[in-house]
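Trainee: Here's a sequence, model it:
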Amino acid sequence: MAGMGVAVLPAVAVAEEVSGGQLVALPWCGLDLSVVTQLAWHKDKWLSPALRAFLQVTREMMCGVEPPSREDRAG
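Mentor: Numbering: from 1, shown residues only. As a prediction, this is how the structure comes out:
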């Protein structure tokens, strides 16, 4: 397998490489590999510009998924 390999990665992580022909996306038959992702930070702590930018990009990539309401988060 010199120079070859297989990895299961999020499409967003490799979209540029797939569109550029460096990687090939293979069809997946079988289990649904969806995952839950969560972010947490202290509401009263300072956020660096880099972290603010990361959070903004993350919100944009979530394609309109709204965070749970305060009532839902309280349990």
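
Trainee: make it CA atoms for all contacts and neighbour counts henceforth
Mentor: Noted.

Trainee: count of neighbours near Ala15?
Mentor: 14 (other Cα atoms under 10 Å).

Trainee: OK, contacts around it?
Mentor: Under the criterion of Cα atoms under 8 Å, 6 or more residues apart in numbering, Ala15 has no neighbours.

Trainee: can you check the one 10 residues further on too?
Mentor: Under the criterion of Cα under 8 Å, 6+ apart, the contact list for Ala25 reads Val18.

Trainee: Ramachandran angles for it?
Mentor: phi -90, psi 130 (degrees, to the nearest 10).

Trainee: any idea how far Leu33 is from it?
Mentor: The spacing between Ala25 and Leu33, counted by Cα to Cα, to the nearest Å, is 15 Å.

Trainee: cool, Ala7 as well?
Mentor: Remark: distance between Ala7 and Leu33 (Cα to Cα) = 13 Å.
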